[in-house]
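Participant: I'll drop the sequence and a predicted model, then ask my questions.
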Amino acid sequence: MRAAPPKESDLFAPIRDYLDNQGYRVNAEVKNCDVTATRDDDLIVVELKVHFNATLLIQASDRQRVADAVYVGLPYPKDLRRHRNWRGMCHLLKRLEL
């Protein structure tokens, strides 16, 4: 049997813990943003998705208008052979400053 695919909500806890350890105040679902984090005057937004798609790119680029930094939270594939485009997707996100 296959394991159940992850949900966006499954991605929140590790992102929250990481940002919290960096000294950020973390919130979920603020004005259509999956994760917001603030520290001093810095605002970070993280868009969570279980699949890389155009919707993710559109949402993340929209968030760049209001946040100091925007990141994308995606689950790391268990089998890179089945996700041969993973490196290309990561490269694209870096080029888009996400």
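Facilitator: Received, thanks.
Participant: where does this protein have its least confident helix or strand?
Facilitator: helix 86-95 (a mean of 88; mean pLDDT, DSSP states H and E).
Participant: and Tyr24, how far from Arg63?
Facilitator: Remark: distance between Tyr24 and Arg63 (Cβ to Cβ, to the nearest Å) = 16 Å. Any C-beta I mention is one placed from the backbone N, CA and C, and that applies to glycine too.
Participant: which one's more surrounded, these two?
Facilitator: Taking neighbours as other Cβ atoms under 10 Å, Tyr24 and Arg63 compare with Arg63 leading, 24 against 19.
Participant: contacting residues around the more buried one?
Facilitator: Contacts of Arg63 were listed using Cβ atoms under 8 Å, 6 or more residues apart in numbering, and they are Cys33, Val45, Glu47, Val70.
Participant: contacting residues around stretch 47-61?
Facilitator: Here stretch 47-61 makes contact (Cβ under 8 Å, 6+ apart) with 5-8, 11-12, 15, 33-35, 63, 70-75, 85, 89, 96, 98.
Participant: among those, which are in strands?
Facilitator: Cys33, Asp34, Val35, Val70, Tyr71, Val72, Gly73 (DSSP state E).
Participant: what's the nearest residue to the second one if we skip its chain neighbours?
Facilitator: Of all residues not flanking Asp34 in the chain, Leu48 sits nearest, at 4.3 Å (Cβ to Cβ, 6 or more residues apart in numbering).
Participant: bridged to the one you found, which residues?
Facilitator: Counting by DSSP bridges, Leu48 is bridged to Gly73.
Participant: now do Arg87 against Ala13, distance only.
Facilitator: Arg87 is 26 Å from Ala13, where distance means Cβ to Cβ.
Participant: how many neighbouring residues does Tyr18 have?
Facilitator: So Tyr18, with other Cβ under 10 Å, has 14 neighbours.
Participant: just to revisit the earlier point, export the ones in strands among the contacts of stretch 47-61 to TSV and tack on pLDDT and distance to Asp41?
Facilitator: Converted to TSV, the ones in strands among the contacts of stretch 47-61 look like this (pLDDT from 0 to 100; distance: Cβ to Cβ, whole Å):
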residue	pLDDT	distance to Asp41
Cys33	89	17
Asp34	92	21
Val35	95	18
Val70	96	16
Tyr71	94	18
Val72	93	23
Gly73	91	23
